[in-house]
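>>> curious how this folds, go ahead:
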Amino acid sequence: MKKQWLRYWLHHRDTLLLVLALIFLLGAVLRPSIPVKRNIHTYFLIADVTQSMNAKDMALNNHTVSRLDYTKRMMHDIVAQLPCHTRISIGIFAGDAVAALYTPMQVCQHFSAIHETIEHLNWRMAWTGNSQLRESLVITAKLLRQMPEATKAVYFTDGDEAPLLHAFNTRNLKDFQGGEGWFFVGIGSDQGVGIPKLTEDNQMIGYWSNESFAVQPNIAQVTASKSSGRDDSVAVSEYDRFISKRASGYLQKLSEEIGAQYLDGDDPHTVLKTIQSRESPRHEIVAYSIDWLLATLAGLCILGTGISRDSIRHLRHRFKLYRNDVRTRFFARSESVAHDNHFS
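Residues are numbered from 1 along each chain as shown. Presented below is the predicted three-dimensional model:
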């Protein structure tokens with residue numbers, strides 16, 4: 001029976017292949033789909049817009065740029081590589097608070113809006129000169145609870161706390177909940193540079209001094225709404241500048257305290273791969289189109305008509321020779337093993 005079908009196929013091969021190609025093409029035109037379960041990732045990308053992010057110790061295309069410009073480029077690259085069904089919200093951090101600019105939106109449907117938002121991130125958006133990352137975590141957790149879906153926070157920050165932390169203004173995060181699935185991406189260099197002091201017109205007038213980051217010892221708790229004791233004077237000499245570095249150690253420790261993960265921001269690809277590796281708490285059933293598969297099969301059928309019968313016979317002959325050679329080697333080896341066992 002098989003031989004009869006094979007003879008029939010070989011005799012009417014071209015006709016049958018063209019019929020199959022037509023069937024596949026008609027199927028592709030109908031745009032069929034199959035239900036597929038997929039993970040839905042939602043991210044809240046938070047850009048640190050405090051003035052330490054104006055420090056220029058990052059490189060893009062062999063040019064030195066500010067930490068904020070580097071952050072914007074990284075956010076652009078990450079968003080551009082995310083799957084279409086991913087949802088994104090953009091936020092900014094300054095003082096002791098985080099503000100969400102909108103609720104999460106699908107990447108592809110709102111691609112232009114998301115990229116425009118990132119492009120217009122600016123240090124002048126900050127509503128205070130302080131930078132209290134540790135304090136902001138509580139507000140971030142509250143914001144995420146108000147999101148319409150489970151969302152992961154991704155902070156892009158150098159980790160600078162200004163005023164500097166001491167025993168009185170360090171929030172206890174022992175009972176903090178909600179940090180699981182969060183990420184801190186460290187921006188900046190380990191060598192450190194001065195923080196430029198800019199006017200509202202973006203004109204540089206000097207650098208922030210060491211006194212700017214000092215805090216009065218009699219202040220028990222520093223908040224953005226109260227006086228922090230910071231001095232806004234400009235550094236009069238190079239040795240008086242406050243040197244800002246990427247606080248990798250501090251961010252690592254902070255991540256461990258709340259169950260988050262710290263990443264160095266030197267490689268956007270690694271950052272993207274890591275945040276996507278976390279299992280998503282949400283799934284959805286979507287229609288996966290298979291029209292491309294049917295169209296591919298139709299193309300293969302048409303290509304198959306161009307293969308000559310002599311080529312097929314040659315391939316069959318080569319296959320038979322190969323199969324016989326394998327069998328011969330197998331039996332020869334079996335007899336050799338049996339012979340060795342007999343004399344052992």
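>>> so what does Leu251 have for phi and psi?
The phi/psi pair for Leu251 (degrees, to the nearest 10) reads phi -60, psi -40.
>>> just to check, it is in contact with Phe184?
Yes. With contact defined as C-beta atoms under 8 Å, Leu251 reaches Phe184; the gap is 4.8 Å. C-betas here are computed from N, CA, C, even on glycine.
>>> between those two, which one's more packed in?
Phe184 (27 against 23; other C-beta atoms under 10 Å).
>>> so that one bridges to which residues?
For Phe184, the beta-bridge partners are Tyr155, Tyr262 (DSSP bridges).
>>> tell me what the helix or strand where Ile302 lies is packed against?
Element membership for Ile302 (DSSP states H and E) is helix 291-304. If contacts are counted by 3 or more C-beta pairs under 8 Å, 6 or more residues apart in numbering; DSSP states H and E, helix 291-304 sits against helix 13-29.
>>> shouldn't Ile243 be in contact with Ser189?
No. The pair Ile243 / Ser189 is not scored as a contact, 10.7 Å apart, by C-beta under 8 Å.
>>> the chain: helices as residue ranges?
In the chain, helices defined by DSSP state H lie at 2-11, 13-29, 67-81, 111-119, 133-146, 248-258, 268-277, 291-304, 309-343, listed in chain order.
>>> any chance of those helices in JSON lines, with distance to Ile205 and mean pLDDT too?
Shown next, in JSON lines, are those (distance: least, C-beta to C-beta, whole Å; pLDDT from 0 to 100):
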{"stretch": "helix 2-11", "distance to Ile205": "84", "mean pLDDT": "64"}
{"stretch": "helix 13-29", "distance to Ile205": "65", "mean pLDDT": "84"}
{"stretch": "helix 67-81", "distance to Ile205": "18", "mean pLDDT": "95"}
{"stretch": "helix 111-119", "distance to Ile205": "26", "mean pLDDT": "95"}
{"stretch": "helix 133-146", "distance to Ile205": "26", "mean pLDDT": "91"}
{"stretch": "helix 248-258", "distance to Ile205": "29", "mean pLDDT": "92"}
{"stretch": "helix 268-277", "distance to Ile205": "33", "mean pLDDT": "89"}
{"stretch": "helix 291-304", "distance to Ile205": "59", "mean pLDDT": "85"}
{"stretch": "helix 309-343", "distance to Ile205": "79", "mean pLDDT": "64"}
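>>> and the residue nearest to Met204 when sequence neighbours are not counted, what pLDDT?
In space, and not counting its chain neighbours, Met204 is closest to Pro196: 5.0 Å by C-beta to C-beta, 6 or more residues apart in numbering. At Pro196, the model reports a pLDDT of 88.
>>> what's opposite Pro196 in the beta bridge?
Beta-bridge partners recorded for Pro196 (DSSP bridges): Tyr207.
>>> tell me which residues touch it, please.
Taking C-beta atoms under 8 Å, 6 or more residues apart in numbering, we find Pro196 in contact with 51, 54-56, 204, 206-208.
>>> closest to Leu17 out of those?
Lys56 (64.1 Å; C-beta to C-beta).
>>> His63 is in contact with the closest one, correct?
No. Counting by C-beta under 8 Å, Lys56 stays clear of His63, with 9.8 Å between them.
>>> more crowded one of the two?
Lys56 (18 against 9).
>>> give me the pLDDT for that one.
At Lys56, pLDDT is 92.
>>> contacting residues around it?
By C-beta under 8 Å, 6+ apart, the neighbours of Lys56 are 64-67, 193, 196.
>>> 6 Å instead, please
Contact analysis of Lys56 by C-beta atoms under 6 Å, 6 or more residues apart in numbering lists 64, 66.
>>> how about it, phi and psi?
phi -100, psi 90.
>>> one more: Pro163?
phi -70, psi 160.
>>> and it, how far from Gly129?
10 Å (C-beta to C-beta, to the nearest Å).
>>> can you check Asn54 too?
Taking C-beta to C-beta, one finds Asn54 at 12 Å from Gly129.
>>> which one's more surrounded, the two?
More crowded of Asn54 and Gly129, by other C-beta under 10 Å: Asn54, with 20 against 16.
>>> quick check, the more buried one in contact with Arg67.
No. Counting by C-beta atoms under 6 Å, Asn54 does not reach Arg67; the two are 7.3 Å apart.
>>> which residues does the residue nearest in space to the middle of the chain contact?
By C-alpha atoms, centre = their mean, the chain has its centre lying nearest to Leu272, at 2.3 Å. Taking C-beta under 6 Å, 6+ apart, we find Leu272 in contact with 78, 81.
>>> state the distance from it to His41.
Distance from Leu272 to His41, by C-beta to C-beta: 11 Å.
>>> can you check which residues contact both of these two?
With contacts taken as C-beta under 6 Å, 6+ apart, Leu272 and His41 have no neighbour in common.
>>> picking that back up, and for Leu251 and Phe184, which residues touch both?
By C-beta under 6 Å, 6+ apart, Leu251 and Phe184 have these common neighbours: Tyr262.
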